[in-house]
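In: Coordinates only, no sequence provided:
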């Protein structure tokens, strides 16, 4: 985006003063971006991991979803966990019985996100009988989150749940139940999934699935029937878990009580930190609730929260991704304006003829910028998930500090877009003042659309 100064020196002086004393904030002009099905928002493919097929043609349920990016600060390799979608055949007997399948795959990039290569599968759907009812079904594996632990080593956390056999008829309840988090630790990302453990659940999940921790015993989460959409994050030697608290009572799902909470990982499980976003925040975004969180460092070292607003109706349900600044991760504080509303840094939407765009992730070292998932329905019986590189690098309008010292320890030492944007503000201010002093009447400047 380009901006051009006007003809009066007084205007130049006012602009210079504004740049120096009152930098533009996201509340003044939150950045918006629309992702299209073209080269401006290119598809990210994984070499060696093509979309699922069935009977020699594309599977009716296929693609990549739920990405999570994490850079290895030692090697510089960019790692990604993601959902890989396919079709499960429960029975070949006429009529055949099909189910949709979701599993977690791992990929790597050695060129800062320009290309990704498949490494292996961390899990797969498993045919089981429900431990309480003995009903036949599958354990589905989705929504993974990847983290390099502060002390070294890697952690992968993902959502699993019981899925009864047989795809339900359109509009019929899907019957999914008993969500819980699975966890895997390994010295290297490629080994994640070799050993895994049923890890954490809410009060609505049967203890028979063996999850080690019931998070609903925390007083602040006592109404959380389920915990979904996990997001791991580490800062200052502490590992955090952001997760969606689902509340259900006799009247059904209570969107008005649903919230995005932050927990701190402890040696004995988790402790409660606070609430990041609430139902009121969802309403401000035109949604019923906010899910699918990702916590990350910006290129300047600021802590950013990206999440997807979701509405019950009308379609599309997913309303893209919104970025917020977390001003204090240790107390789960999101930047808010004088009225108490969460301040939007940016809002990214996308062309989507399915459930709607969303499921975003980001790493400051990745040339992809924010990765967003969009959905296509070529026919009424097909759904294709597609990861798209938006090129957007979330940043606060006024980064916390200037220079390399502001960078988070896990970020690359090379200057990124956040540093360039900072330098622009100071250079522009200095140029405007200089122009005013020498009587130049025209100022031409260039500003990045999204620093």
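Out: Received, thanks. Since we're looking at a predicted model, the values are computed, not measured. Numbering: from 1, shown residues only.

In: got a list of contacts for stretch 325-335?
Out: 26, 233, 235, 238, 240, 261-262, 273-277, 295, 302-305, 324, 342-343, 345, 396 (C-beta atoms under 8 Å, 6 or more residues apart in numbering). C-beta here means a position set from N, CA and C on the backbone, and glycine is covered the same way.

In: Mean confidence (pLDDT) on that stretch, please.
Out: Across stretch 325-335, the average pLDDT comes to 98.

In: mind showing which ranges of the stretch 201-350 of the chain have poor pLDDT?
Out: Counting by pLDDT under 70, the stretch 201-350 of the chain shows no low-confidence range.

In: what ranges do the strands span in it?
Out: All strands of the stretch 201-350 of the chain, identified by DSSP state E, counting those that start in this stretch, fall at 213-214, 226-235, 238-246, 248-249, 252-253, 259-266, 269-277, 289-297, 303-310, 321-328, 333-334, 344-350.

In: Counting by contacts, list what the longest one packs against.
Out: Spelled out, that is strand 226-235. With contacts defined as 3 or more C-beta pairs under 8 Å, 6 or more residues apart in numbering; DSSP states H and E, strand 226-235 has these neighbours: strand 136-148, strand 154-164, strand 177-186, strand 197-201, strand 238-246, strand 289-297.

In: Tell me which of these sits most buried.
Out: Of the helices and strands packed on strand 226-235, the one with the most neighbours on average (mean count of other C-beta atoms under 10 Å) is strand 289-297, at a mean of 25.

In: In its sheet, which strands sit next to that one, and in what direction?
Out: strand 303-310 (antiparallel) (DSSP bridges).

In: can you give me how far the strand it pairs with is from the chain middle?
Out: With C-alpha atoms, centre = their mean, to the nearest Å as the basis, strand 303-310 stands 7 Å off its chain's centre.

In: ok, back up a step: minimum distance to residue 349: which of the helices and strands packed on strand 226-235 has it?
Out: strand 289-297 (14.2 Å; C-beta to C-beta).

In: what's the angle between the closest one and strand 136-148?
Out: 30 degrees (axes from the mean of the first three to the mean of the last three C-alpha atoms, to 10 degrees).

In: Now find how far off-centre strand 289-297 is within its chain.
Out: For strand 289-297, the distance to the chain centre is 5 Å (C-alpha atoms, centre = their mean).

In: likewise stretch 201-217?
Out: In terms of C-alpha atoms, centre = their mean, the centre of stretch 201-217 is set 24 Å apart from its chain centre.

In: Check stretch 150-170 too.
Out: Counting by C-alpha atoms, centre = their mean, stretch 150-170 comes out at 16 Å from the chain centroid.

In: ok, back up a step: as JSON lines, the strands of the stretch 201-350 of the chain with distance to residue 182 would be great.
Out: Below are the strands of the stretch 201-350 of the chain laid out as JSON lines (distance: least, C-beta to C-beta, whole Å):
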{"stretch": "strand 213-214", "distance to residue 182": "12"}
{"stretch": "strand 226-235", "distance to residue 182": "10"}
{"stretch": "strand 238-246", "distance to residue 182": "13"}
{"stretch": "strand 248-249", "distance to residue 182": "22"}
{"stretch": "strand 252-253", "distance to residue 182": "24"}
{"stretch": "strand 259-266", "distance to residue 182": "15"}
{"stretch": "strand 269-277", "distance to residue 182": "15"}
{"stretch": "strand 289-297", "distance to residue 182": "18"}
{"stretch": "strand 303-310", "distance to residue 182": "22"}
{"stretch": "strand 321-328", "distance to residue 182": "25"}
{"stretch": "strand 333-334", "distance to residue 182": "28"}
{"stretch": "strand 344-350", "distance to residue 182": "29"}
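
In: To residue 72, which of those strands lies closest?
Out: Comparing the strands of the stretch 201-350 of the chain by C-beta to C-beta, strand 226-235 comes nearest, at 13.2 Å.

In: Tell me the strands beside the closest one, with direction?
Out: strand 238-246 (antiparallel).

In: among the contacts of stretch 325-335, which ones are buried?
Out: 26, 233, 235, 240, 261-262, 273-274, 276-277, 295, 302-305, 324, 342-343, 345, 396 (16 or more other C-beta atoms under 10 Å).

In: which stretches of the stretch 51-200 of the chain have low pLDDT?
Out: 167-173.

In: hey, where'd the strands end up in it?
Out: 53-54, 57-58, 61-71, 78-91, 97-109, 116-121, 126-129, 136-148, 154-164, 177-186, 197-201.

In: before we move on, the earlier item: minimum distance to residue 127: which of the strands of the stretch 201-350 of the chain has it?
Out: Short answer: strand 226-235, nearest of those by C-beta to C-beta, at 22.8 Å.

In: what about stretch 293-301, start to end distance?
Out: In stretch 293-301, first residue to last residue: 18 Å (C-alpha to C-alpha, to the nearest Å).

In: swap that for stretch 180-198, sorry
Out: 7 Å.

In: what's in contact with that stretch?
Out: For stretch 180-198, using C-beta under 8 Å, 6+ apart, the contacting residues are 70, 72, 79, 81, 104, 106, 108, 119-123, 141, 146, 152-161, 199-202, 205, 209-212, 227, 230.

In: any idea how far that stretch is from the chain center?
Out: 20 Å.

In: Give me the nearest residue to residue 222, chain neighbours excluded.
Out: residue 216 (5.9 Å; C-beta to C-beta, 6 or more residues apart in numbering).

In: I figured that neighbour hits residue 202, correct?
Out: Yes: counting by C-beta atoms under 8 Å, residue 216 does reach residue 202; the two are 4.9 Å apart.

In: list the residues that contact both of the two?
Out: With C-beta under 8 Å, 6+ apart as the test, residue 216 and residue 202 both reach 224, 225.

In: Next one: the residue lying closest to residue 274 once chain neighbours are set aside relative to residue 265, how far apart?
Out: Using C-beta to C-beta, 6+ apart and skipping residues adjacent in sequence, the residue nearest residue 274 is residue 332, 3.0 Å away. Distance of residue 332 to residue 265, given as C-beta to C-beta, to the nearest Å: 14 Å.
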